[in-house]
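Student: Just need the structure, nothing else, for what follows:
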Amino acid sequence: MAKILIIGCGAIGTQLAHVLVAKGHHVTGLKRNPRKTDAGNVAYFTADITSSADLKHLPHDFDVVYFIVSPDGRNEESYRNIYESG
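Tutor: The predicted structure is shown next:
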């Protein structure tokens, strides 16, 4: 089965993660603040994608990457941070 990374494992990403795990895939969810109750069979990596230091220890051997992110706020800076820097 595939080794999958979901960047932005919020509501939609978490649902996708559970579907993929049920199909036998190994899923890592990248999230700024994962809740302990989110875990289940999904491995979480705590990081902010706008911070290269946070991503330093993220493995690189994924077969598939999903990018399902949203900005912190509804302003230009938040959109630039997530879609340009991230």
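Student: Let me know the pLDDT of the closest residue to Asp72 other than its chain neighbours.
Tutor: Spatial nearest neighbour of Asp72, excluding adjacent residues (CB to CB, 6 or more residues apart in numbering): Ser78 at 4.7 Å. All C-beta spots, glycine's among them, are computed from the backbone N, C-alpha and C. Per-residue pLDDT puts Ser78 at 80.
Student: Next, count neighbours for Ser78.
Tutor: Neighbour count of Ser78, defined by other CB atoms under 10 Å: 13.
Student: That one and Glu84, how far apart?
Tutor: From Ser78 across to Glu84, the span is 11 Å (CB to CB, to the nearest Å).
Student: now swap in Val19 and tell me
Tutor: Taken as CB to CB, the span from Val19 to Glu84 is 30 Å.
Student: neighbour count winner among these two?
Tutor: Neighbour comparison, Val19 and Glu84: the larger count goes to Val19, with 11 against 8 (by other CB under 10 Å).
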